[in-house]
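Novice: sequence? don't have it. structure:
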């Protein structure tokens, strides 16, 4: 459950149905004809990331789905509230026929912008299959998808090669579940590949009115929308990476919804504002210090083990989060299938043990680098690790960089920087099925999202098996062993898991979020 502080309680949320949409980028609409909310309700929100794509089949960061959820349709979407669940959106019915067949029937009358016609089962087939066909970096979200069969204009069957239990909480209600127009995408790309930040058509209650890299994203109402009235005339989303900077923006009135730093929760509790509610949401996300196993300086597992044992996690939590975080035991959060009770290396580590591993490796006076995002939490973590490793003869240089740069450092497709990666202040935005967290560390993800370049045949076998098992007790064993394999490689030192504190202006909105605090903007309601 979420802890809520402020002068009002959480209220009922606006539920929306299937989507229609349009916009400047999508339909080629000139700026002068855009639907601007010069008067009316405006939602001003902060995002923690800079957009890199609005193509749901090739998304890079989870928060990109905050925008895509407003401008596209999905068969289902996450329910707002404190419990994880899903509800129908573009589908009027979705049913599991057998372990490998899921039949859906679309609502009629959902239209794409730019005269691209009605959303049909053909668009669903195209949207889902293109993720696999073009080898998207997020194709693992679709698990064992084989193809989609068409029964009629509104009915189809999702066919899996093997059972995939995560389909209900990952594939359909999240990123790759968004449906794009086959006609529009093929016209724009010729082959159905990614269109990046230039969507050729939309089907959501909001339209993309304007976007400036690293500055803002503006969504406005779609005048052709026939579903439930959207909560705001305009949504303005501003990327502010640093939580402290976001707090200042909130206090100045520049944003009305934002995450805040964990160490600021005490201030908001002790000095509550009459127009503000604060919620402490149980985050699924976790952090760790990663090590590139392929780098010459880190190839020796004894060096990696020395680093693991030299890192004192409670010291990191106190410095970076003022105690408002708990020790992470792995990628899987408490409450999810596969959570571990403890790590193999104790949280406090042990400097003497670390020194022994350095002696075994025959290494001393080692110079390493650590990459991190230039936000206060991550830079503090890097500085603490820098001090801790100095105790065992490792000199650590901190490479702090803005988020757009950081989130490509381990990708081979983005150049040669991956070869220089050594240590990483890493983190993962997760979803409510353990298969999502664990899918990024199979061998096929090396050079994509597996920046530690961890390889384990056993891990891959367990990952493939776990997503086919419905019995949660059996899944627990597999996912716990997978996390043991990761830690035993020496490439991971799991660090923190914290509550996700959000604040919003109760005089302007009823906020709608996932249980972990991620905003569901299409369900926000103005006051």
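Specialist: Ah, there it is. Keep in mind the model is a prediction, meaning the values are calculated, not measured.
Novice: Next secondary structure after the longest strand along the chain?
Specialist: The residue-count maximum for a strand in the chain (DSSP state E) belongs to strand 496-505. The helix or strand immediately downstream of strand 496-505 is strand 509-510, counting by DSSP states H and E.
Novice: could you give me the average pLDDT of that following strand?
Specialist: Averaged across strand 509-510, pLDDT comes to 97.
Novice: so what secondary structure elements neighbour that strand?
Specialist: When contacts are defined as 3 or more Cβ pairs under 8 Å, 6 or more residues apart in numbering; DSSP states H and E, strand 509-510 packs onto strand 525-526. Glycine gets a C-beta too; all of them are placed from N, C-alpha and C.
Novice: what residues does the strand it packs on touch?
Specialist: The contact list for strand 525-526, computed with Cβ atoms under 8 Å, 6 or more residues apart in numbering, reads 13-14, 41, 43, 231-232, 508-510, 512.
Novice: Figure out how far the longest strand of the chain is from the centre of its chain.
Specialist: Chain-centre distance of strand 496-505: 15 Å, with Cα atoms, centre = their mean, to the nearest Å.
Novice: ok, back up a step: include distance to residue 331 and neighbour count when you put the contacts of strand 525-526 into a markdown table, please.
Specialist: Listed next are the contacts of strand 525-526 as a markdown table, based on distance: Cβ to Cβ, whole Å; neighbours: other Cβ atoms under 10 Å:
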| residue | distance to residue 331 | neighbour count |
| --- | --- | --- |
| 13 | 30 | 18 |
| 14 | 34 | 17 |
| 41 | 39 | 18 |
| 43 | 33 | 27 |
| 231 | 34 | 24 |
| 232 | 35 | 25 |
| 508 | 36 | 18 |
| 509 | 33 | 21 |
| 510 | 33 | 20 |
| 512 | 27 | 24 |
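Novice: strands paired with the longest strand of the chain, and their directions?
Specialist: Using DSSP bridges, the strands paired with strand 496-505 in its sheet are strand 257-259 (antiparallel), strand 276-282 (antiparallel), strand 325-327 (antiparallel).
Novice: I'd like these laid out as TSV, including mean neighbour count and mean pLDDT.
Specialist: Formatted as TSV, the strands paired with strand 496-505 follow (neighbours: other Cβ atoms under 10 Å; pLDDT from 0 to 100):
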stretch	mean neighbour count	mean pLDDT
strand 257-259	23	96
strand 276-282	20	93
strand 325-327	19	90
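Novice: Could you dump those strands into a markdown table and include distance to residue 374?
Specialist: Output for these, formatted as a markdown table (distance: least, Cβ to Cβ, whole Å):
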| stretch | distance to residue 374 |
| --- | --- |
| strand 257-259 | 17 |
| strand 276-282 | 24 |
| strand 325-327 | 20 |
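Novice: Specify the local secondary structure of residue 209.
Specialist: Under DSSP: H, G, I helix; E, B strand; the rest coil, residue 209 falls in the strand class.
Novice: Equivalent analysis for the one 10 residues further on, please.
Specialist: Three-state call for residue 219 (three-state DSSP): strand.
Novice: Quick check on the closest residue to residue 390 other than its chain neighbours: phi, psi?
Specialist: Nearest residue to residue 390 in three dimensions, chain neighbours excluded: residue 396, at 7.3 Å (Cβ to Cβ, 6 or more residues apart in numbering). In terms of degrees, to the nearest 10, the main-chain angles of residue 396 are phi -120, psi 120.
Novice: One more: the one 10 residues further on?
Specialist: Main-chain torsions, residue 406, degrees, to the nearest 10: phi -60, psi -40.
Novice: Can you report how many residues lie near it?
Specialist: Residue 406 has 21 neighbours, counted by other Cβ atoms under 10 Å.
Novice: Contact partners for the nearest residue to it once chain neighbours are set aside?
Specialist: Distance criterion Cβ to Cβ, 6+ apart; nearest residue to residue 406, sequence neighbours excluded, is residue 373 at 4.8 Å. By Cβ under 8 Å, 6+ apart, the residues touching residue 373 are 241, 400-403, 406, 425.
Novice: Of those, just say which sits nearest to residue 358.
Specialist: Relative to residue 358, the closest of those is residue 425; by Cβ to Cβ it sits at 21.7 Å.
Novice: and which of the contacts of strand 525-526 is nearest to residue 152?
Specialist: So of the contacts of strand 525-526, ranked by how close each gets to residue 152 (Cβ to Cβ), first place is residue 14, at 31.3 Å.
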